[in-house]
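1. no sequence on this one, just coordinates:
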Ligand code: F0G
């Protein structure tokens, strides 16, 4: 068997790279598409989970970052910069380290998952926390990129979108077609834009006949697109998508509309339930990722899914980045003496016949 080579080498002819582009890769992409028995039973569809948390830094951002950082190196940038709710900073820090570039990240006031912060720090990024929201952090970064010699690697950078569209290529490679419905969380709205571009390109080259209906989900307390206005103080337990003024707002709306789909919201309670449901089937995704499954269940409740249809839910990030919620919902481990009898009793084991 051969090793997966990362999205640039796997999809080189479909990405904006040339022979002189230095490839900065951690072998991202090639993530598992896992069939969910429980969600399939519950919805009457064939439900597939795209585990983007299996990327090298634990989120889908790596698909875009390999392209953005490679292009930054090609154009001789010395430093890269991003605003982030956590995952972008983790990915930017790792790829910048791989490339030997300086990396600065600006994160909002309030909680960013500890694992994500740890990643940015361990890879040597300079981390600044500002007394403001993600949206304010992004504005600061955009202005810095205008005034100083630094490359912005947020999803406003077109190379990020190019890389992230490869998720759609992989789904089509595996299913041999586009799904009927594609469900995903929406934060800054770059990723839904990217997936739509990926599916559309698959149609243009004749690899699929039909396109999926896109169903994007914001968290109810951070749902500017649903409300039709900027949210000044977004709040949600899904900190990755705690965003009040998405940079790719209009492109996300256009993608959802073109696909005959929608961008809606799900409550934190529904997100938490979906998170636990996924975990109960062996999949540890972060809270923001669970928004897509919460959305899927909402579609099922409203009877808006066609029976037997193929559904892909994108699980954008790894649950290990933010274990607090996993631990909060569970009983702490029992402390016992190192005794076989005590352990057997607590495990509820029965004696074998022999
Ligand atoms: N899921 C996760 C785990 C994320 O980290 C993000 C975005 C999204 C979904 C939403 O994707 O912004 O393209 O609509 N995280 C960004 C960050 C904002 O800074 O890490 P989007």
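-> It's in. Everything numeric here is computed off the predicted structure, so don't read it as measured data. Numbering: from 1, shown residues only.

2. Get me the contact residues on the stretch 1-150 of the chain for the ligand.
-> Residues of the stretch 1-150 of the chain lying close to the ligand (Cβ under 6 Å from any ligand atom) are 59, 84, 85, 86, 87, 88. (Glycine included, C-beta is placed from N, CA and C.)

3. are any of the residues you listed buried, and which?
-> Buried members of those, scored by 16 or more other Cβ atoms under 10 Å, are 59, 84, 85, 86, 87, 88.

4. Can you tell me how far the spatially most central residue of the chain is from residue 262?
-> Centroid-nearest residue in the chain, with Cα atoms, centre = their mean: residue 316, separated by 2.5 Å. Taking Cβ to Cβ, to the nearest Å as the measure, residue 316 falls 18 Å from residue 262.

5. Equivalent analysis for residue 86, please.
-> 27 Å.

6. Touching, the residue nearest to the centre of the chain and residue 240? I think so.
-> Yes - with contact defined as Cβ atoms under 8 Å, residue 316 and residue 240 form a contacting pair (7.4 Å).

7. related to what we said a few turns ago, among the buried ones among the residues of the stretch 1-150 of the chain next to the ligand, name the ones in strands.
-> Among those, DSSP state E puts none in strands.

8. Those residues in helices, which ones?
-> 87, 88 (DSSP state H).

9. Nearest to residue 109 among the buried ones among the residues of the stretch 1-150 of the chain next to the ligand?
-> residue 85 (11.6 Å; Cβ to Cβ).

10. Mind pulling up the pLDDT for the closest one?
-> pLDDT for residue 85: 97.

11. so who does residue 222 touch?
-> Residue 222 sits next to 187, 231, 234, 235, 236, 238, 241, 242, 243, 244 when contact means Cβ atoms under 8 Å, 6 or more residues apart in numbering.

12. now, which of those lie within strands?
-> Going by DSSP E, the strands hold none of these.

13. Could I get those in TSV, plus columns for pLDDT, neighbour count and distance to residue 179?
-> Output for the contacts of residue 222, formatted as TSV (pLDDT from 0 to 100; neighbours: other Cβ atoms under 10 Å; distance: Cβ to Cβ, whole Å):
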residue	pLDDT	neighbour count	distance to residue 179
187	98	31	21
231	98	21	30
234	96	24	29
235	96	14	32
236	97	24	26
238	97	30	23
241	98	27	22
242	97	26	28
243	97	28	26
244	98	20	30
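
14. Kindly indicate which of the residues you listed lies nearest the ligand.
-> residue 187 (3.1 Å; Cβ to the nearest ligand atom).

15. For the nearest residue in space to that closest one that is not next to it in sequence, give its distance to residue 17.
-> Sequence neighbours aside, residue 241 is the residue nearest to residue 187 in space, at 3.5 Å (criterion: Cβ to Cβ, 6 or more residues apart in numbering). From residue 241 across to residue 17, the span is 29 Å (Cβ to Cβ).

16. Then residue 124?
-> 25 Å.

17. Looking at these two, which is more packed in?
-> More neighbours surround residue 17 than the other of residue 124 and residue 17, with 22 against 12 (other Cβ atoms under 10 Å).

18. who are the neighbours in contact with the residue lying closest to the more buried one once chain neighbours are set aside?
-> Of all residues not flanking residue 17 in the chain, residue 8 sits nearest, at 5.7 Å (Cβ to Cβ, 6+ apart). Counting by Cβ under 8 Å, 6+ apart, residue 8 makes contact with 15, 17, 21, 23, 25, 66, 67, 70, 163.
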